[in-house]
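Novice: Here is a sequence with its predicted model. Questions after.
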Amino acid sequence: MRKANDKSLKEAIEQMLQVYKIKQRYDETAIIASWPELVGKSVANRTKEIFIRNQKLFLRIESSVIKNELMMMRTQIIEKINEKAKGILVDEIIFL
């Protein structure tokens, strides 16, 4: 039986992430880990570098064709990322 002040494990972890101010970093890591799911394995396999800083997603893509394709799909990719993160995690994509 749960007491009034009991929390679920999920609630406790989310509170801990907020208290230690690491939720943003946790969300960024989760998005990077799910990159193949977001853009497909063929694109993910050609992604040589990926990181998020200051709401900017930085990408290094080895294929110029895929890079151009991603440039045209910037808005959709940003929307997918933010939808998965349930908030504004990325507002710009920068190709290295």
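Specialist: Yep, that arrived.
Novice: Could you report the distance from Ser8 to Glu14?
Specialist: To Glu14, Ser8 is 9 Å away according to CB to CB, to the nearest Å. All C-beta atoms are positioned from the backbone trio N, CA, C, and that covers glycine.
Novice: Settle it for me: which of these two has more neighbours?
Specialist: Set Ser8 next to Glu14 and count neighbours by other CB atoms under 10 Å: Glu14 wins out with 14 against 9.
Novice: Roughly how far does the more buried one sit from Ile22?
Specialist: 11 Å.
Novice: Verify the stated contact: Phe51 with Ile32.
Specialist: Yes - taking CB atoms under 8 Å as the definition, Phe51 is a contact partner of Ile32 at 7.0 Å.
Novice: The nearest residue to Lys48 once chain neighbours are set aside - how many residues pack around it?
Specialist: Leaving aside its chain neighbours, Lys48 sits nearest to Arg60 (4.5 Å; criterion: CB to CB, 6 or more residues apart in numbering). Neighbour count for Arg60, taken as other CB under 10 Å: 14.
Novice: OK, contacts around Arg60?
Specialist: Shown here is Arg60, whose contacts under the criterion CB atoms under 8 Å, 6 or more residues apart in numbering are 47-50, 95-96.
Novice: Can you flag the buried ones in those?
Specialist: Buried subset of these (neighbour count, 16 or more other CB atoms under 10 Å): Thr47.
Novice: would JSON lines of the contacts of Arg60 with secondary structure be doable?
Specialist: Shown next, in JSON lines, are the contacts of Arg60 (DSSP: H, G, I helix; E, B strand; the rest coil):
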{"residue": "Thr47", "secondary structure": "strand"}
{"residue": "Lys48", "secondary structure": "strand"}
{"residue": "Glu49", "secondary structure": "strand"}
{"residue": "Ile50", "secondary structure": "strand"}
{"residue": "Phe95", "secondary structure": "strand"}
{"residue": "Leu96", "secondary structure": "coil"}
